[in-house]
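A.B. asks: Mind looking at a prediction? Sequence and model below.
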Amino acid sequence: MASPHGLKMEEPTEPKSSTISTATDDGAHPIGKGSRLPDTAASQLQKANELREEGNKFFEEKNFKGAIRKYHNALLYTRAMTNKMSEFGFLNTSQRATAAEEESAKKLTTALSNNLSACFMKTEEWEKAATHAKNVLSAEPNNPKALFRRGTANIHLRRYEEAEMDLNRAEELSPTDVGIKKQLQLLHRKQKEYEQDEKKLYSSMFRN
């Protein structure tokens, strides 16, 4: 570019920012190819919190698919800060998160996983609900909501023994929770039905 005085000038350049194009666990691409991402840990954490709030709003409106997209998008930021996606280069060496920021990111990651489990419960995607609840429990083994959600999902997945362990533990932690008691009642009905089906199957085998 030439200046008014005939001197050659360099084109202005924008500060470099990380970019990413990747899929979520469910194949969605909430952050498109070439999208700009905040370069500092603080700004990434702020963006993740904003996305979670947007997801919460969608959840309240019963737009569960919209909530899932927002929560997954937020996870891309928090996982980067806890070095689980360092290969994508969200943060360079000079911009690493502080210990306090990493701790905040870990807590937010756990909360987002719990939110996602709740969403997949609503959409009746039981395997995904169980997986995200498991992620929560890996960080917080005594989280009653995650135990309840994984237990409920495992009922629908016919994993009755696992469901019973989770729901019994959830009841120990939250003994007055009506929802947990209802799921335990459902579990016991399903177990009886399963036992009756097994007896019928064995009976027919011996008759033949």
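C.D. replies: Cool, the structure landed.

A.B. asks: Enumerate the positions of stretch 166-186 that are buried.
C.D. replies: 166, 167, 169, 170, 171, 174, 180, 183, 184 (16 or more other Cβ atoms under 10 Å). The way it works is simple: take the backbone N, C-alpha and C, and place the C-beta from them, glycine included.

A.B. asks: what about the nearest residue to the second one once chain neighbours are set aside, distance to residue 181?
C.D. replies: The reference is to residue 167. Leaving aside its sequence neighbours, residue 167 sits nearest to residue 151 (Cβ to Cβ, 6 or more residues apart in numbering; 3.9 Å). Plainly put, residue 151 is 12 Å away from residue 181 if you go by Cβ to Cβ, to the nearest Å.

A.B. asks: do the same with residue 54
C.D. replies: Applying Cβ to Cβ, the value for residue 54 to residue 181 is 33 Å.

A.B. asks: re the thing from before, how many residues are close by the residue nearest to residue 167?
C.D. replies: Using other Cβ atoms under 10 Å, residue 151 has 26 neighbouring residues.

A.B. asks: Other residues contacting the strand or helix carrying residue 167?
C.D. replies: Assigned by DSSP states H and E, residue 167 belongs to helix 160-173. Here helix 160-173 makes contact (Cβ atoms under 8 Å, 6 or more residues apart in numbering) with 142, 144, 147-148, 150-152, 154-155, 177, 180-181, 183-184, 187, 190-191, 194.

A.B. asks: Can you tell me which of those end up in helices?
C.D. replies: 144, 147-148, 150-152, 154-155, 180-181, 183-184, 187, 190-191, 194 (DSSP state H).

A.B. asks: Nearest to residue 128 among those residues?
C.D. replies: residue 150 (11.4 Å; Cβ to Cβ).

A.B. asks: what's the closest non-adjacent residue to that closest one?
C.D. replies: residue 133 (3.7 Å).

A.B. asks: Show the contacting residues for the one you found.
C.D. replies: Contacts of residue 133 by Cβ under 8 Å, 6+ apart are 113, 114, 117, 146, 147, 149, 150, 153.

A.B. asks: Please repeat the previous calculation with a cut-off of 6 Å.
C.D. replies: Residue 133 sits next to 117, 146, 149, 150 when contact means Cβ atoms under 6 Å, 6 or more residues apart in numbering.

A.B. asks: again with residue 187
C.D. replies: 155, 163.

A.B. asks: Mind doing that once more with 7 Å?
C.D. replies: Applying Cβ atoms under 7 Å, 6 or more residues apart in numbering to residue 187 gives the contacts 155, 160, 163, 164, 167.
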